[in-house]
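>>> Next come a sequence and a model predicted from it.
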Amino acid sequence: MAYRKFLVFFILTLACMLGCQQGLGGYRRPPVYKFKTDRTPLVQRSLNRLAKEANIKIRTMPSNSRPRRAAKRLNVKFITIHSTANHSPTSTAMQHSRALCRGAFTNRSWHFTVDQFMVVQNAPLTETTWHAGNNAGNHNSIGIEMCECESKGHNHFRTWDRTAKLTAVLMKRFNIRLRYVVPHYHWTRKNCPAPLMSNGKPGPKWMWFLSRVDYYYRCINKGISNR
């Protein structure tokens, strides 16, 4: 009898530990990706200064829109990076915002869209959006979409770099470790953000992106990383 009680206690304790590790929505802890620290000399900035460099425009979806009416309280633990897979020359951050606001995306939404010129905030950071492909990612992460438009003169590097600045700002604001900056791949194994994946998985290009996020974070955190 004593052995059975102990066994039941052990199983319940183990289940509790696993549940705590996964957190709300059953999310998995992401792997630690190793990368070389960016040795570019740090340019010290304030959080507000880096946010201004990111050039954030707030243009949220209407409160009565379908995504916002269905939204829950966001539990910010992760930042999830996506790419739009839309190569149209007109598929800028502002154009995606307009499409979201008029309800063109019936089953998708996200918090920020980034192109080479600006960041557009599409939803409050207190509300869930539908970007990760499962409840764990939607309920626990801020979704960022990077534009892939192929307009003349478009510079994808600037889009990725602006995204890195935004990500560092959000890390600082919500006290998120770099480990919890994840690609869409983390939630569903989707090849996304495709331009920063290698053979459909996080590889050298994703490590480069993390190094840029880490660089900008150190710029606003007295040179100290938060890996």
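Yep, that arrived. All figures in this text were calculated on a predicted structure; none of them were measured in a lab.
>>> all strands for the protein, in order.
56-58, 78-83, 112-114, 119-121, 141-146, 181-183, 197-198, 201-202 (DSSP state E).
>>> Just put the ones you listed in JSON lines and tack on mean pLDDT, mean neighbour count and distance to Ile220.
No exception for glycine: its C-beta is placed from N, CA and C like everyone else's. What follows is these, written out as JSON lines (pLDDT from 0 to 100; neighbours: other Cβ atoms under 10 Å; distance: least, Cβ to Cβ, whole Å):
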{"stretch": "strand 56-58", "mean pLDDT": "98", "mean neighbour count": "14", "distance to Ile220": "15"}
{"stretch": "strand 78-83", "mean pLDDT": "98", "mean neighbour count": "26", "distance to Ile220": "15"}
{"stretch": "strand 112-114", "mean pLDDT": "98", "mean neighbour count": "29", "distance to Ile220": "18"}
{"stretch": "strand 119-121", "mean pLDDT": "98", "mean neighbour count": "21", "distance to Ile220": "16"}
{"stretch": "strand 141-146", "mean pLDDT": "98", "mean neighbour count": "27", "distance to Ile220": "17"}
{"stretch": "strand 181-183", "mean pLDDT": "98", "mean neighbour count": "25", "distance to Ile220": "15"}
{"stretch": "strand 197-198", "mean pLDDT": "97", "mean neighbour count": "16", "distance to Ile220": "27"}
{"stretch": "strand 201-202", "mean pLDDT": "96", "mean neighbour count": "16", "distance to Ile220": "25"}
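>>> and of those strands, who's closest to Asn175?
Closest of those to Asn175 is strand 78-83, at 11.8 Å (criterion: Cβ to Cβ).
>>> Tell me how far stretch 31-48 lies from the chain's centre.
The gap between where stretch 31-48 is centred and where its chain is centred comes out at 17 Å by Cα atoms, centre = their mean, to the nearest Å.
>>> What lies in contact with it?
Defining contact as Cβ atoms under 8 Å, 6 or more residues apart in numbering, one finds that stretch 31-48 is touched by 53, 169, 172-173, 179, 202, 206-208, 210-212, 214-215, 218-220, 222-223, 225, 227.
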